[in-house]
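Visitor: Starting from these lines, generate the structure:
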Amino acid sequence: MKVKDARFVKSASRLSQYPVGAFPEAAFCGRSNVGKSSVINCLLQRRNLARTSSTPGRTRLLNFYLVNHQLYFADLPGFGYARVSGEMRQDWKRMVEEYLEKRAQLKAVVLIVDLRRGLMSGELEFLAWLKAREIKVLLVATKSDKLKRSERLKSGQALEAQIEEGALEVIEFSSVSCEGRDKLWEELEKVLGVGISV
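Guide: From the prediction side, this is the model:
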């Protein structure tokens, strides 16, 4: 898949600040150290469009990216691990819930987890929250390149076991090799109702 144009549009913290228009949108979320920005950069074939950091919790606003003048990616603040105050955590919770519940253009949430660790308690709770609101979820398991074949198989089976049978497909992903990129784009095209030109 070739992305002809991808650009950062704006950061926002409330509904009134979100980009206007009717383009379909996919939101990317996950724990603070799971590699959300790397997944976005890999999908868009841009090295540093979404900023990556070795310090967890750098994304503290909702960051919007316009892709091929057809759709938006929204990079949501990460949860867990970030060394921030309780008040800031509540601000993040408010931002994310307002976005997920009120953003009419939202078509899917890409929940990114670490294949080596599987779904942790916060992620399981978040999946249940999304399911209760009938929000489409694409589950992406990153850092597959860091595991040996036998470890990867075991981790994949453990992750599958955490999910209700048939409820979600796990897309294993590596931002290093871009394994899983085409599969994730295929699923995004289906749910967003758009095609990305080759």
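
Visitor: When you work out contacts or count neighbours from here on, use the C-alpha atoms and nothing else.
Guide: Noted.

Visitor: Phi and psi next, for Asp114.
Guide: Main-chain dihedrals, Asp114, degrees, to the nearest 10: phi -90, psi 120.

Visitor: quick one: it from Asn33, how far?
Guide: For Asp114, the distance to Asn33 (Cα to Cα, to the nearest Å) stands at 9 Å.

Visitor: just Phe126 next, same as before
Guide: 17 Å.

Visitor: So between those two, which is more surrounded?
Guide: Using other Cα atoms under 10 Å as the criterion, Phe126 and Asn33 rank with Asn33 on top: 21 against 14.

Visitor: Which residue would you name as the spatial centre of the chain?
Guide: Phe28 (2.2 Å; Cα atoms, centre = their mean).

Visitor: can you pull the buried residues of the helix or strand bottoming out on mean pLDDT in the chain?
Guide: Across the helices and strands of the chain, mean confidence by mean pLDDT, DSSP states H and E is lowest for helix 86-102: a mean of 81. The neighbour-count check on helix 86-102 (16 or more other Cα atoms under 10 Å) flags Arg89, Trp92, Met95, Val96, Tyr99, Leu100 as buried.

Visitor: Switch those residues over to TSV; also include distance to Pro19.
Guide: What follows is the buried residues of helix 86-102, written out as TSV (distance: Cα to Cα, whole Å):
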residue	distance to Pro19
Arg89	24
Trp92	19
Met95	15
Val96	15
Tyr99	12
Leu100	15
